[in-house]
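# can you look at this prediction? I've put the sequence above it.
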Amino acid sequence: MTKSPTKFSFQQVDVFSSQPLRGNPLAVVVGADALTDSQMASFANWTNLSETTFLLRPTTAKADYRIRIFTPIGELPFAGHPTLGSCHVWLASGGRSNEDEIIQECEAGLIRIRRNGNRLSFAAPALRRRGPVEPEILTRVIRGLHLAKGAVVDANWVDNGPGWLAVLLRSREEVLALRPDFATISGLRVGVVAPWNTGEDQRDADFEVRAFTAAGFEDPVTGSLNAGLAQWLIGSGIAPPSYIASQGTVLGRAGRVHVHQLGKEIWIGGEVTTCIEGIATL
């Protein structure tokens, strides 16, 4: 006998933006404990968003809730914009924490989240891989981004789970002008960053960021990449302890990622806007 579909509360939110349609979208299914792995994977494939998350009961008393994060083709242990978007939906669905911080459980472990007005921030997880990018890989990245010789100021691994590496360019204009050859950088997750000009008109950010995924598309606004970048840029003195990164400009978005170092910790924050509320029948 075919099992009858079950209805679940559902939201689609825009992360790292206070304006609808200007950040990075995320689909969130609430109270999804009854769903199987296959159902979660199938729904994430169907939404065709970069990530879809499922809010679940935690497996540890230390956590307020648990999430699983799926791309259209697989599951991730951690991702930044799904963390903030899922927390926003958990709070909007009546979630309450007894502590000053909200604790999210995911495959990567326990992630701490703080609220500051309408902004949510997560503590950047430790880098799993850091240090200079190997010459042969950097050569491939330079070729895939069509960069001139000497355009890269520096390059570093900034991998906190997804596998990001990053290159630093001299100017925002160089970042915005990039037209990557995804076939050449296939299999690599490449972040690119450069400072805004200090005298730029209507300047409301300090760095411009772009994220080119291993799957062959550009991600609008990327929490995990910005978390890794912040640890590299602040740690090496390239960036101050607090700054704002803009991302998604080329895609018509206006993502803003707020970075703050508090003691030894770096917090990655942004606003989340609800765009769709309804029922998912699965």
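That came through, no problem.
# can I assume Phe182 is in contact with Gly216?
Yes - contact between Phe182 and Gly216 holds when scored by Cβ atoms under 8 Å: they sit 4.2 Å apart. No exception for glycine: its C-beta is placed from N, CA and C like everyone else's.
# neighbour count for those two, which is higher?
Between Phe182 and Gly216, counting by other Cβ atoms under 10 Å, Phe182 is the more crowded of the two (16 against 12).
# residues contacting that one?
Under the criterion of Cβ atoms under 8 Å, 6 or more residues apart in numbering, the contact list for Phe182 reads 144, 212, 216-217.
# what's the answer for Tyr65, then?
Contacts of Tyr65 were listed using Cβ under 8 Å, 6+ apart, and they are 55-58, 86, 90, 95, 104-105.
# so where do the strands sit in the stretch 151-282 of the chain?
For the stretch 151-282 of the chain, applying DSSP state E, counting those that start in this stretch gives strands covering 154-159, 164-168, 189-195, 207-212, 218-219, 242-247, 255-262, 265-281.
# could you dump those strands into a markdown table and include mean pLDDT and distance to Ala79?
What follows is those, written out as a markdown table (pLDDT from 0 to 100; distance: least, Cβ to Cβ, whole Å):
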| stretch | mean pLDDT | distance to Ala79 |
| --- | --- | --- |
| strand 154-159 | 98 | 13 |
| strand 164-168 | 98 | 11 |
| strand 189-195 | 98 | 11 |
| strand 207-212 | 98 | 11 |
| strand 218-219 | 96 | 10 |
| strand 242-247 | 98 | 14 |
| strand 255-262 | 98 | 14 |
| strand 265-281 | 98 | 12 |
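# how about those in CSV, adding mean neighbour count and distance to Pro135?
What follows is those, written out as CSV (neighbours: other Cβ atoms under 10 Å; distance: least, Cβ to Cβ, whole Å):
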stretch, mean neighbour count, distance to Pro135
strand 154-159, 21, 10
strand 164-168, 24, 13
strand 189-195, 23, 16
strand 207-212, 24, 20
strand 218-219, 21, 25
strand 242-247, 22, 27
strand 255-262, 22, 29
strand 265-281, 18, 28
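# same list, these, but as TSV with distance to Phe43 please.
Output for the strands of the stretch 151-282 of the chain, formatted as TSV (distance: least, Cβ to Cβ, whole Å):
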stretch	distance to Phe43
strand 154-159	28
strand 164-168	26
strand 189-195	24
strand 207-212	24
strand 218-219	20
strand 242-247	27
strand 255-262	25
strand 265-281	7
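# what's the closest of those to Asn45?
Distances from Asn45 to each of the strands of the stretch 151-282 of the chain were compared using Cβ to Cβ; the shortest belongs to strand 265-281, at 13.9 Å.
# distance between the closest one and the chain's centre?
Per Cα atoms, centre = their mean, to the nearest Å, the displacement of strand 265-281 from the mean C-alpha position of its chain is 11 Å.
# partner strands of it and their direction?
strand 7-15 (antiparallel), strand 119-123 (antiparallel), strand 255-262 (antiparallel) (DSSP bridges).
# and of the ones you listed, who's closest to Ala166?
Taking Cβ to Cβ as the measure, the strands paired with strand 265-281 were each checked against Ala166, and strand 255-262 came out nearest at 14.0 Å.
# next one: the closest one to chain centre, how far?
On the basis of Cα atoms, centre = their mean, the separation between the geometric centre of strand 255-262 and that of its chain is 12 Å.
# any residues touching stretch 72-83, and which ones?
Contacts of stretch 72-83 (Cβ under 8 Å, 6+ apart): 15-16, 23-24, 26, 41, 44-45, 47-49, 51, 53, 67-70, 104, 106-108, 111, 113, 122, 125, 160-162, 215, 221-227, 268, 270.
# if we use 7 Å, what do you get?
Residues outside stretch 72-83 that contact it (Cβ atoms under 7 Å, 6 or more residues apart in numbering): 15-16, 24, 26, 44-45, 48, 51, 53, 67-69, 104, 106-108, 111, 113, 122, 125, 161-162, 221-224, 226-227, 268.
# just so I know, which of the strands of the stretch 151-282 of the chain lies nearest Ala63?
Closest approach to Ala63 among these (Cβ to Cβ): strand 265-281, 18.6 Å.
# sorry, back to before: let's have the strands paired with strand 265-281 in JSON lines, adding distance to Val193.
Formatted as JSON lines, the entries for the strands paired with strand 265-281 read as follows, by distance: least, Cβ to Cβ, whole Å:
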{"stretch": "strand 7-15", "distance to Val193": "19"}
{"stretch": "strand 119-123", "distance to Val193": "19"}
{"stretch": "strand 255-262", "distance to Val193": "11"}
